[in-house]
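K.L.:
I would like the atomic coordinates for the input below:
(chains A and B)
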There are 2 protein chains.
Amino acid sequence: MPNVVLINPFEVPEGQEEAFLAGWRAAAELLQQAEGFISTRLHKSLDPTTKFRFVNVAEWTSPQQFEAAVRSARFQALAGKMPFAAYPALYTVAIEDRPS
Amino acid sequence: MPNVVLINPFEVPEGQEEAFLAGWRAAAELLQQAEGFISTRLHKSLDPTTKFRFVNVAEWTSPQQFEAAVRSARFQALAGKMPFAAYPALYTVAIEDRPS
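P.N.:
Coordinates of the predicted model:
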């Protein structure tokens, strides 16, 4: 189980998926080089009219390492170019159930 | 990689976590008995004032099986008792990166 999970739902209007993905990939490449990054998984909704068209779920070693990475000037510059509403927050896994 | 991922962000005001968890557990127990359920992971935010206090990420075998499960009268009765805004939607994994 990861130490901390970033979950970030994005509001991306239909037809703007490619612009979103280009920006997201640039930001992801930067974050993946940061201390504490473990993994990332970007989800795309089956229904293009869903409120949150994309949701990123990423694992980090610690909240401090994630926060340091997103505070960096290079990340801030990339994030500032993304014209999409986003709700990033850090989480822990409260309940897990995977029957075998 | 799962066939389909349900992601459900919940707006739960500070102080109502226990009421939410009781309702979520009852609904989860029901869904876990349904055809097509693979796993569920409920995330709780580190910051209690976050917009989405809880986010559920669950794996299902197919969209049809998930939709049949939540259409059932028993699930609808439980969900109707949950006074929290929620944004459930089905996703596929678009991009995954886990450097080894």
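
K.L.:
Does the worst-scoring helix or strand of chain A on mean pLDDT pack against any helices or strands, and if so which?
P.N.:
Ranked by mean pLDDT, DSSP states H and E, the weakest helix or strand in chain A is helix A:73-80, scoring a mean of 92. Applying 3 or more Cβ pairs under 8 Å, 6 or more residues apart in numbering or on different chains; DSSP states H and E, one finds that helix A:73-80 contacts helix A:17-31, helix A:63-71. (Each C-beta comes from the backbone N, C-alpha and C, glycine too.)

K.L.:
packing partners for the first one?
P.N.:
Based on contacts counted as 3+ Cβ pairs under 8 Å, 6+ apart, the elements that helix A:17-31 packs against are strand A:37-45, strand A:54-60, helix A:63-71, helix A:73-80, strand B:89-97.

K.L.:
list the buried ones in it?
P.N.:
A:20-21, A:23-24, A:26-28, A:30-31 (16 or more other Cβ atoms under 10 Å in any protein chain shown).

K.L.:
Contacts made by stretch A:70-88 with the rest, please.
P.N.:
If you take Cβ atoms under 8 Å, 6 or more residues apart in numbering or on different chains as the criterion, stretch A:70-88 is touched by A:6-12, A:16, A:20, A:23-24, A:26-27, A:30-31, A:34, A:69, B:9, B:51-52.

K.L.:
pLDDT score assigned to A:M1?
P.N.:
On pLDDT, A:M1 comes in at 52.

K.L.:
Bridged to the spatially most central residue of chain A, which residues?
P.N.:
In chain A, the centroid-proximal residue (Cα atoms, centre = their mean) is A:N56; its distance is 3.7 Å. Under DSSP bridges, the beta-bridge partners of A:N56 are A:N8, A:L42.

K.L.:
Surely it is in contact with A:R41?
P.N.:
Yes - counting by Cβ atoms under 8 Å, A:N56 does reach A:R41; the two are 7.2 Å apart.

K.L.:
Quick check, pLDDT for the residue lying closest to A:D97 once chain neighbours are set aside.
P.N.:
Closest residue in space to A:D97, ignoring its immediate chain neighbours: B:T40 at 5.2 Å, by Cβ to Cβ, 6 or more residues apart in numbering or on different chains. For B:T40, the pLDDT comes out at 96.

K.L.:
Report how many residues lie close to B:T40.
P.N.:
Other residues within reach of B:T40, judged by other Cβ atoms under 10 Å in any protein chain shown, total 21.
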